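Engineer: no sequence on hand, only this structure:
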């Protein structure tokens with residue numbers, strides 16, 4: 001299986017974070033999706049508002 005993704009938004013518009021959470025909701029338990037949102041959301045909001053570096057945040061979260 002091969003997976004191609006654009007988590008930093010260089011090829012697409014929209015939020016890769018929200019796409020990942022949507023995938024988790026459809027393919028995993030809802031509790032797991034809610035847990036993931038709760039643990040990532042504070043740093044996501046900081047990165048989205050420019051308080052922390054968006055690229056650094058993306059590398060830390062996604063890989």
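Structural biologist: Right, received. Where do you want to start? Since this is a predicted model, take the numbers as computed values, not measurements. Numbers count the residues shown, from 1 in each chain.

Engineer: please count neighbours and contacts with C-alpha atoms only from this point.
Structural biologist: Fine.

Engineer: longest helix in the chain, please.
Structural biologist: In the chain, with assignment by DSSP state H, the single longest helix is helix 30-48.

Engineer: report the buried residues of that helix.
Structural biologist: 33, 37, 44, 47 (16 or more other Cα atoms under 10 Å).

Engineer: pLDDT weak spots in this structure?
Structural biologist: Within the chain, the segments meeting pLDDT under 70 span 1-17, 62-63.

Engineer: go again with 80.
Structural biologist: Residue ranges of the chain with pLDDT under 80: 1-22, 24-25, 33, 58-63.

Engineer: which residues sit against the longest helix of the chain?
Structural biologist: The contact list for helix 30-48 (Cα atoms under 8 Å, 6 or more residues apart in numbering) reads 21, 22, 24, 25, 52, 53, 54, 57.

Engineer: including secondary structure and neighbour count, could the residues you listed go into TSV?
Structural biologist: Formatted as TSV, the contacts of helix 30-48 follow (DSSP: H, G, I helix; E, B strand; the rest coil; neighbours: other Cα atoms under 10 Å):
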residue	secondary structure	neighbour count
21	helix	18
22	helix	13
24	helix	17
25	helix	15
52	coil	14
53	coil	12
54	helix	17
57	helix	17
